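> sequence and predicted structure, then a few things I'm wondering about:
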Amino acid sequence: MNPVISLFISGTLTTLWVAIVGLSIGMTVGCAAGIMSSKRLASPIMARCIQIYVFVMQGTPLYVQLLLACFALPQLLRMHISPLTAGCITIGLNSVAYVAQIVRGGINSIPAGQWEAAYVLGYSQRATLWYIILPQVIRTVLPSLVNETISLVKESSIMGAVGVVELTKVAKDAVSRTLEPHWFLIAAGIYLAITGLLGLVAHALERKFDYDKGN
């Protein structure tokens, strides 16, 4: 196999790994933060802390956050952190801010009457959230979460700046070695394939939710 093709395969796998880890952090912590900062469920202190976190993460460039995680954080903690680990954590924590906003907005969009009706029927706050509110929120916020996932895949390309051999860095190195710019087109095609597949999965999920809603 052509060595450059092998590097592209390895770079694509690294990109997917970064996306999966970042998405896992972003979705789990972000959904929890979105729930805890919603109008019905937030405590004043918790809501304020989440608002500050979102403000900081959305108000600073992801690249600067990555540099801080790679170079400042190891010195602060006095421990070695690999660029790949720092990058995964950075992308995940950045995604938390956006997912939290999406989920919070979805929960806040549910009419207050649905909460009250559930309480009248004897549902606890937790049961109301789990069985009545969240199923509706998922249908509402799914397109936005898919867009965030796609953005996360593309944002992983900045990790080449700190030495992580992901897809974009592989393409850049291949062009430097061969002086053939078509490697950039190949990288773009791979990104399109990944994001296109995510779009198809999202479309299938939307159809499933619409079908379930209709039944």
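It's in.
> where does the chain have low pLDDT?
1, 210-215 (pLDDT under 70).
> tell me where it has strands.
Assigned by DSSP state E, the strands in the chain number zero.
> please enumerate the helices of it.
3-36, 44-59, 62-67, 73-77, 83-108, 112-120, 125-128, 134-155, 167-178, 182-214 (DSSP state H).
> out of those, which is closest to Ala161?
For the helices of the chain, the distance to Ala161 is smallest for helix 62-67, at 6.9 Å, taking CB to CB. (Each C-beta comes from the backbone N, C-alpha and C, glycine too.)
> just the buried positions in that closest one, please.
For helix 62-67, a neighbour-count test (16 or more other CB atoms under 10 Å) marks 65-67 as buried.
> Tyr123 reaches Ile133, doesn't it?
No - when contacts are counted by CB atoms under 8 Å, Tyr123 is not listed as touching Ile133 (10.1 Å).
> the more surrounded of these two?
Ile133 (22 against 16; other CB atoms under 10 Å).
> once you drop chain neighbours, what's closest to the more buried one?
Ile110 (5.5 Å; CB to CB, 6 or more residues apart in numbering).
> looking at the helices of the chain, which is buried most?
Per residue and on average, the most neighbours among the helices of the chain fall to helix 83-108, with a mean of 22 (mean count of other CB atoms under 10 Å).
> just want the angle from that helix to helix 44-59.
120 degrees (axes from the mean of the first three to the mean of the last three CA atoms, to 10 degrees).
> in contact with the closest residue to Met57 other than its chain neighbours, which residues?
Nearest non-adjacent residue to Met57, counting by CB to CB, 6+ apart: Ala97, 3.7 Å away. Residues in contact with Ala97 (CB atoms under 8 Å, 6 or more residues apart in numbering) are 30, 53-54, 57-58.
> same deal with Ala202?
Neighbours of Ala202 in contact, by CB under 8 Å, 6+ apart: 142-143, 146.
> okay, the residues you listed in CSV with distance to Arg207 next?
Listed next are these as CSV, based on distance: CB to CB, whole Å:
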residue, distance to Arg207
Leu142, 11
Pro143, 13
Val146, 13
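> got the CA positions of stretch 56-73 in PDB?
This file holds the C-alpha atoms of stretch 56-73, laid out as PDB (Å, rounded to 0.1, in the frame of the first residue of the first chain):
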ATOM      1  CA  VAL A  56     -15.900  31.900  28.500                       C
ATOM      2  CA  MET A  57     -15.900  28.900  26.200                       C
ATOM      3  CA  GLN A  58     -17.900  30.600  23.500                       C
ATOM      4  CA  GLY A  59     -16.100  33.900  23.800                       C
ATOM      5  CA  THR A  60     -12.500  32.600  23.300                       C
ATOM      6  CA  PRO A  61     -11.200  30.900  20.200                       C
ATOM      7  CA  LEU A  62     -10.900  27.100  20.200                       C
ATOM      8  CA  TYR A  63      -7.300  27.400  19.000                       C
ATOM      9  CA  VAL A  64      -6.400  29.500  22.100                       C
ATOM     10  CA  GLN A  65      -8.100  27.000  24.300                       C
ATOM     11  CA  LEU A  66      -6.100  24.200  22.700                       C
ATOM     12  CA  LEU A  67      -2.800  26.000  23.300                       C
ATOM     13  CA  LEU A  68      -3.700  26.600  26.900                       C
ATOM     14  CA  ALA A  69      -4.500  22.900  27.300                       C
ATOM     15  CA  CYS A  70      -1.300  21.800  25.600                       C
ATOM     16  CA  PHE A  71       1.200  24.200  27.200                       C
ATOM     17  CA  ALA A  72      -0.300  26.000  30.200                       C
ATOM     18  CA  LEU A  73      -2.300  23.200  31.800                       C
END
